[in-house]
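**Q** Kindly return the folded structure for what I paste below:
(2 chains)
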Amino acid sequence: MKKIYQLEDLDCANCAAKMERAVAKIEGVSSVNISFMAQKMTLEVEDSMFDEILKKVVKTCKKIEPDCTIVL
Amino acid sequence: MSRKEKKNLTRIIISLVLFAIIMIVDKTIILGNIFFGKFGWVLPFSLYLIVYLIIGYDVLWRAIRNIFHGQVFDENFLMCIATLGAFALAIYLGVTGEEIEGFDEACAVLLFYQVGEFFQGYATRRSRKSISALMDIRPDYANLKKNDTFVKVDPSDVKVKDIILVNPGEKIPLDGIVVKGNTTLDTKALTGESLPKDISVHDDVISGCINLTSQIEVEVTKEFYDSTVYKILDLVENAASQKSKAENFITKFAKYYTPIVVFIALALGIIPSLITNEWSVWIYRALSFLVVSCPCALVISIPLSFFAGIGASSRYGILVKGSNYLEKFNKANIFVFDKTGTLTKGNFVVTKVLPAEKKNEILALAAIAEQNSNHPIAKSIINACCVQDIESGYTLTNIAGQGVVATKDNDVILCGNEKLMKEKAIDFTPTSELGTVMYIAKNNQFVGTIIIEDELKDETITVIQSLNNMKAKTIMLTGDNEEIAKKVATQVGLTSYKASLLPQNKVAEVERLLSEKKNKEVLCFVGDGINDAPVLMRSDIGIAMGAVGSDAAIEASDIVLMQDDLQGLSIAKMIAKKTMHIVFQNIIFSIIVKVIILILSAFGITNMWFAVFGDVGVSVIAIFNAMRVNSKYKLVDNKK
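**A** All right, here's what the predicted structure looks like:
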């Protein structure tokens, strides 16, 4: 399943890159793309565990850039 | 400016003023000398520390927080180490009684870092907004007709066949047909076409256009999620997700750059100190390294340049589906064109009637035969016919592959190709003219010949020439026969052509061209999007033109020219070139400046002030440079 999320207060381009790398490492995430310019995250995740993985994604992003929130 | 930004700005101004006051006082009366002895450094230290905390509490807080999250090479953390380290050095100098200095610098580094961050954030946000605004064609509401009154609803709530009202100044929210009123539409946001378009009842309107002059009522033909405007928005919003090679390079670079610089800093702080025993000198130089260690300038300015390029393209009605296509298109050097509808207008016109003096008679006869047909060729004859009323009452018989026989009483009109003439044993004069040839005979007497051709688009020759000037190969694929293809190819100045291709053969031909091209060459296929989706997808870059309303073409292609105008190619090429130029400039500029500052600090030629410039100053310059992509592009007239 592919979903696009809006990111709020994503102020640092390097953090976006870091977040992208970290999220990509989460198991079950088949692809992720964080666009600093569009302030958007495109996430492609296995259907069956979507909610679970999404939680992990949110947690990972919070860890790297606590100021940035994912609009769910 | 957001509230957060305003707050930051106030904080920066307060700190700057405080800092200036303290520094002036310090330089005139030397605060360190007020209290003599070992504790002379405490007064200037405390004063500067106050400013430091005002300007830097958030950086400090983030640094501490991120360490607990395992973010060692975090920008905030490095900045804190650098500035706190500078403070520590100054205290050390003070305690050992050498001299009391360095507090101002430690404080200033953080202050200017914040100033730079502020500008950087402000510039990015502004440029992002201004580019997004260009692409913003989203309608906010629709005026839905309900029992003779109109209510404002969300465009996605409107159903097909509903009637909506569009006032002057409003965006058309959904695709539809005008049922009442006539007006002028501004299609600029959608197609880049600056001339307003007049429309009246029964005309199709496309969502995303702006109604300029008067009220119209529109019957909706497509729901919001099928509407042009939604399709385009979807495409544009996802455009940034396809990353270019340059962007990937930068992210990789950033990943290694910071750790490397930090480790060099560490080495620089320890190794020479052990040898020379000048700890404070080398630690100071190492701290400068940390200040330059953030790769932010690069990481921001490269995607921003591409974003600006995509934004600039959309202003000209060119939709680019990702930064990678912009990057590739800059290198595009093989252009494969479909003929009909791409190089030519795709509408047939009568170009010649032989013998010319019998023109009216010949056309009138042909019109009788072709009056019921919907074929483009038949239509071109009807259009060319000067007689107002076409004689009726004829019985028309269509002979497949030959033409039409029209009979009325004793009159027999033949209108068709060579085969028909031979079949009916007419003594006719074959012509060597190129194009579609129609022979006309009446009552077994040959009357004349009509030649019908597909017109070239007005801009075709100029655009092909400019591509040729760029040393690009231009190739035409067509289903027409050899003679017609050759004529068009020479007239336009194409490098080569391939005639008599069936649609499925076009894919094979493109495959062949793709296998023949060199590794670095990029092949574009330009088509009108009708029937050529497979070719569009197969080529390196598929370009569909005049694609407003054609979903299949928009989906299959990588670059969409909303307007049916080949000049879009030239403009896209210019934008791609400029974007790549600026991307290259920014990469080179940022890396060189950083490396120079690193070298200079290693030898102690420069100080931390310069290092701050190497960090935030470079970012701000690179951001402004990136915004240059979004300037005006003008076509160079090749005709001279």
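**Q** so the residue nearest to residue B:142 when sequence neighbours are not counted, which of the three states?
**A** Nearest residue to residue B:142, sequence neighbours excluded (C-beta to C-beta, 6 or more residues apart in numbering or on different chains): residue B:173, at 4.1 Å. The way it works is simple: take the backbone N, C-alpha and C, and place the C-beta from them, glycine included. Secondary structure, DSSP: H, G, I helix; E, B strand; the rest coil: residue B:173 is coil.
**Q** From chain A, how far out is residue B:173?
**A** Separation of residue B:173 from chain A (C-beta to the nearest C-beta, to the nearest Å): 22 Å.
**Q** how many neighbours does that residue have?
**A** 28 (other C-beta atoms under 10 Å in any protein chain shown).
**Q** separation between it and residue B:138?
**A** Counting by C-beta to C-beta, to the nearest Å, the gap from residue B:173 to residue B:138 is 9 Å.
**Q** returning to what we had before: could I get the phi/psi values of the residue nearest to residue B:142?
**A** Backbone torsions for residue B:173, taken as degrees, to the nearest 10, come to phi -80, psi -30.
**Q** Start and end of stretch A:30-50, how far apart?
**A** Start to finish, the residues bounding stretch A:30-50 are 11 Å apart (C-alpha to C-alpha, to the nearest Å).
**Q** does any part of that stretch sit near chain B?
**A** Yes - contact between stretch A:30-50 and chain B is present through A:33, A:35, A:36, A:37, A:38, A:39, A:40, A:42 (criterion: C-beta under 8 Å from any C-beta of the partner chain).
**Q** Neighbours of the fifth one, how many?
**A** In other words, residue A:38. Neighbourhood size, residue A:38 [other C-beta under 10 Å]: 24.
**Q** Over to the one 5 residues further on?
**A** The local packing count at residue A:43 equals 23, with neighbours defined by other C-beta under 10 Å.
**Q** Would you agree it falls within a strand?
**A** Yes - according to three-state DSSP, residue A:43 belongs to a strand.
**Q** Next up, the contacts around residue B:461.
**A** By C-beta atoms under 8 Å, 6 or more residues apart in numbering or on different chains, the contact set of residue B:461 is B:491, B:492, B:493.
**Q** Now residue B:472. Its backbone dihedrals?
**A** Backbone dihedrals for residue B:472, given as degrees, to the nearest 10, come out at phi -90, psi 150.
**Q** wouldn't it be in contact with residue B:337 here?
**A** No - assessed by C-beta atoms under 8 Å, residue B:472 is found out of contact with residue B:337, at 11.5 Å.
**Q** Need the contacts of residue B:461 in a markdown table (columns: pLDDT and secondary structure).
**A** Compiled in a markdown table, those are given as follows (pLDDT from 0 to 100; DSSP: H, G, I helix; E, B strand; the rest coil):
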| residue | pLDDT | secondary structure |
| --- | --- | --- |
| B:491 | 89 | helix |
| B:492 | 90 | helix |
| B:493 | 91 | coil |
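**Q** Now for those, which sits with the most neighbours around it?
**A** Neighbour counts for the contacts of residue B:461 peak at residue B:492, which has 22 neighbours (criterion: other C-beta under 10 Å).
**Q** From residue B:173, how far out is the residue lying closest to it once chain neighbours are set aside?
**A** Of all residues not flanking residue B:492 in the chain, residue B:464 sits nearest, at 5.1 Å (C-beta to C-beta, 6+ apart). Distance check for residue B:464 against residue B:173: by C-beta to C-beta, it reads 39 Å.
**Q** Same check on residue B:490?
**A** If you go by C-beta to C-beta, the gap between residue B:490 and residue B:173 works out to 48 Å.
**Q** In the stretch 201-350 of chain B, mark out all the strands, start to finish.
**A** For the stretch 201-350 of chain B, the strands defined by DSSP state E, counting those that start in this stretch cover B:204-205, B:210-211, B:216-220, B:318-320, B:332-338, B:344-354.
**Q** Can you give me the end-to-end span of stretch B:324-337?
**A** Using C-alpha to C-alpha, one end of stretch B:324-337 lies 22 Å from the other.
**Q** That stretch near chain A at all?
**A** No - Stretch B:324-337 lies out of reach of chain A by C-beta under 8 Å from any C-beta, never closer than 12.0 Å.
**Q** Neighbours of residue B:453, how many?
**A** Residues contacting residue B:453 under the criterion other C-beta under 10 Å number 19.
**Q** So in terms of bridging, what pairs with it?
**A** Note on residue B:453: beta-bridge partners residue B:349, judged by DSSP bridges.
**Q** any idea how far it lies from residue B:438?
**A** Residue B:453 sits 12 Å away from residue B:438 when distances are taken as C-beta to C-beta.
**Q** got it, and residue B:219?
**A** 40 Å.
**Q** More neighbours: these two, which one.
**A** With neighbours defined as other C-beta under 10 Å, residue B:219 and residue B:438 compare such that residue B:438 has more, 27 against 17.
**Q** what comes into contact with the helix or strand where the more buried one lies?
**A** Using DSSP states H and E, residue B:438 sits in strand B:436-442. Outside strand B:436-442, the residues that touch it by C-beta under 8 Å, 6+ apart are B:348, B:362, B:365-366, B:369, B:377, B:381, B:403, B:411-418, B:420-421, B:424, B:426, B:428, B:431, B:446-453.
**Q** Let's see which of the residues you listed end up in helices.
**A** B:362, B:365, B:366, B:369, B:377, B:381, B:418, B:420, B:421 (DSSP state H).
**Q** out of those residues, who has the most neighbours?
**A** Result: residue B:366 is most packed of these (other C-beta under 10 Å), 30 neighbours.
**Q** close enough to count as contact, it and residue B:379?
**A** No - Residue B:366 lies out of contact with residue B:379 (C-beta under 8 Å); the separation is 11.8 Å.
**Q** now the helices for chain A?
**A** In chain A, helices defined by DSSP H lie at A:13-25, A:50-64, listed in chain order.
**Q** Could you check the first one against chain B for contacts?
**A** Spelled out, that is helix A:13-25. Yes - interface with chain B: helix A:13-25 contributes A:13, A:14, A:16, A:17, A:18, A:20, A:21 (C-beta under 8 Å from any C-beta).
**Q** Roughly how far does the nearest residue to the fifth one once chain neighbours are set aside sit from residue B:353?
**A** Excluding the flanking residues, the one nearest residue A:18 by C-beta to C-beta, 6+ apart is residue A:64, at 5.3 Å. Note on residue A:64: its distance to residue B:353, by C-beta to C-beta, is 75 Å.
**Q** do residue B:377 as well
**A** For residue B:377, the distance to residue B:353 - C-beta to C-beta - is 14 Å.
**Q** now residue B:568
**A** As judged by C-beta to C-beta, residue B:568 and residue B:353 stand 35 Å apart.
**Q** Look at these two and report which has more neighbours.
**A** When residue B:568 and residue B:353 are compared for neighbours, residue B:568 comes out ahead with 26 against 22, by other C-beta under 10 Å.
**Q** any idea how far that one is from residue B:333?
**A** Distance, residue B:568 to residue B:333, using C-beta to C-beta: 18 Å.
**Q** And the pLDDT for the residue of the stretch 351-500 of chain B found nearest chain A?
**A** Residue nearest to chain A within the stretch 351-500 of chain B: residue B:470 (28.9 Å; C-beta to the nearest C-beta). pLDDT, residue B:470: 87.
**Q** and it, what is it in contact with?
**A** Per C-beta under 8 Å, 6+ apart, neighbours of residue B:470: B:333, B:573.
**Q** Then residue B:618?
**A** Counting by C-beta under 8 Å, 6+ apart, residue B:618 touches B:297, B:589, B:590, B:593, B:594.
**Q** which SSE is it in?
**A** Using DSSP H and E, residue B:618 sits within helix B:618-627.
**Q** Which residues belonging to that helix are considered buried?
**A** For helix B:618-627, burial by neighbour count (16 or more other C-beta atoms under 10 Å in any protein chain shown) applies to B:618, B:619, B:620, B:621, B:622, B:623, B:625, B:626, B:627.
**Q** need the contact list for the fifth one.
**A** I take that to be residue B:622. Going by C-beta under 8 Å, 6+ apart, residue B:622 touches B:297, B:298, B:300, B:301, B:586, B:589, B:590.
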